[in-house]
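> Quick one: sequence plus predicted model below, questions after.
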Amino acid sequence: MKDLWGVLVRQRDYRLMLSAGLISLIGDWLLRTGLAFQVYVLTGSTLASGGLLLASFLPAVLLGSLAGVFVDRWNQRTTMIVTNVLNAVVLLPLIAVHDASTIWIVYGVVLAQSCLQQFFTPAEQSLVPVLVNADQLVTANALNSQIRDLARLIGAALGGVLAAAGGLTLLALGDAATFLVAVVLVAGMRHRHAKPQHDEESAGGAIKRLKEEWTEGLRLCVAGPAMRLFFVFCLVTGFGEGIMSTLFAPFVSAEIGGDGQVYGLIVSSQAIGGIVGGLVAAAIGSRWPAASLWGIGALAFGLIDTALFLYPLASQSVIPAFVCMIVVGLPGALTVAGMMTVFQNLTVDGTRGRIYGAVGAAESVAVLLGIAAAGLLGDIVGIIPVLVFQGLGYVVGGLVVLIRRQALETRTVPQPV
């Protein structure tokens, strides 16, 4: 707990950034949960609800890698403040949505917020290594992972309550309030890291330089064996995430006989496990090499996942599903903390944003491919075999990371050309 205490108490700027992230993420889950409910109420169409997923994913695929280039040019703190303010503003049109004829406004808001997120997330991830000491990175990344689970638990519950109490208007105002509180917290940070200034150049020269920096980000995300391993791991697990998001509800219904309430409770139990796992990872993380945490976490995560999807072959009880979803929180937290620390150690400030954006864009494509593959193969091969394949992806990935951990623990930073 000494490491956890040191990061939260001694690193004031990081503490403010973490608090801002928690509050704005609660708003994200509040809106995401409430919108899914309200869109279906207004339209009665599952296709309309599916449009929300498309609107949220497209910017990550089309804009993610380019946004990272601008994040490298801009001050991260300022970027986080501006994107939070804009997020609050773009929510206001939701007040005008009252029936199915204006549902297009919801898609526009979700699309705009997803675009802003492509700038916010690389800025936040690039700022973490600047705000904490090198030996505190694992703890800081574990805390970042934990607040996402905590925000999901709180925000999802609040979203359902606000949607029932005041519809889209109350959801929009509630989410906007979280962004404005986050702005105040981030503005209170003392960090003032100036980005290098570029000389004035023509429009053609600016476009050329932008293209060069964008392609450089694509090159750097696979530059060297360590970065290539990180990149491939993100692709494999992103593909698995697409499979999981598509087939987990059918798994609960068809394979263990659970209803909608059981499904909701099982999903919530993962957040509880993630919160506990995040605390454990934050408390012990700095005592272990980051690559070892990543490999051990991924291996254990995959084995628990595989057990979860195979147990219905022997039992129809829902209890093992709850147990597995809670227990998997610890290796999940170790995986995220370890791999993000390795990534931050392999990159430098000034290029980290464009690399993170390029990896994120490729990962989003992998998620979409996983969704498509699961929809096709789930009926042909079966739900359990496809989900087991997803779990084995983590097992293989964890083993490869452990085999290559010495190379990953060496700070071989890819340099821009």
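Right, received. Where do you want to start? Numbering: from 1, shown residues only.

> rest of the way, CA atoms for contacts and neighbours
Will do.

> and residue 380, how many residues sit next to it?
By the criterion of other C-alpha atoms under 10 Å, residue 380 has 10 neighbours.

> Same question for residue 39.
24.

> Find the helix or strand that it is a member of.
Element membership for residue 39, per DSSP states H and E: helix 12-43.

> List the buried residues in that helix.
12-40, 42 (16 or more other C-alpha atoms under 10 Å).

> Kindly report the same for stretch 75-89.
75-81, 83-89.

> mind putting the residues you listed in JSON lines, distance to residue 166, secondary structure and pLDDT included?
Conversion of the buried residues of stretch 75-89 to JSON lines gives the following (distance: C-alpha to C-alpha, whole Å; DSSP: H, G, I helix; E, B strand; the rest coil; pLDDT from 0 to 100):
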{"residue": "75", "distance to residue 166": "38", "secondary structure": "coil", "pLDDT": "85"}
{"residue": "76", "distance to residue 166": "35", "secondary structure": "helix", "pLDDT": "85"}
{"residue": "77", "distance to residue 166": "33", "secondary structure": "helix", "pLDDT": "87"}
{"residue": "78", "distance to residue 166": "33", "secondary structure": "helix", "pLDDT": "88"}
{"residue": "79", "distance to residue 166": "32", "secondary structure": "helix", "pLDDT": "89"}
{"residue": "80", "distance to residue 166": "29", "secondary structure": "helix", "pLDDT": "89"}
{"residue": "81", "distance to residue 166": "28", "secondary structure": "helix", "pLDDT": "92"}
{"residue": "83", "distance to residue 166": "26", "secondary structure": "helix", "pLDDT": "92"}
{"residue": "84", "distance to residue 166": "23", "secondary structure": "helix", "pLDDT": "91"}
{"residue": "85", "distance to residue 166": "23", "secondary structure": "helix", "pLDDT": "94"}
{"residue": "86", "distance to residue 166": "23", "secondary structure": "helix", "pLDDT": "93"}
{"residue": "87", "distance to residue 166": "20", "secondary structure": "helix", "pLDDT": "90"}
{"residue": "88", "distance to residue 166": "18", "secondary structure": "helix", "pLDDT": "91"}
{"residue": "89", "distance to residue 166": "19", "secondary structure": "helix", "pLDDT": "93"}
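
> Mind picking the one among these that's closest to residue 375?
residue 87 (32.5 Å; C-alpha to C-alpha).

> list the contacts for the closest one?
Neighbouring residues of residue 87 by C-alpha atoms under 8 Å, 6 or more residues apart in numbering: 113, 116, 176, 179.

> please redo it, this time with the cut-off set to 10 Å
24, 81, 109, 112-117, 175-176, 178-180 (C-alpha atoms under 10 Å, 6 or more residues apart in numbering).

> Any quick ChimeraX command for the buried ones out of the residues you listed?
Here is the ChimeraX selection string for the buried members of the contacts of residue 87, based on 16+ other C-alpha under 10 Å:
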select :24,81,109,112,113,114,115,116,117,175,176,178,179,180
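
> Out of the contacts of residue 87, which is nearest to residue 353?
Closest to residue 353 out of these is residue 117 (12.8 Å), distances taken as C-alpha to C-alpha.
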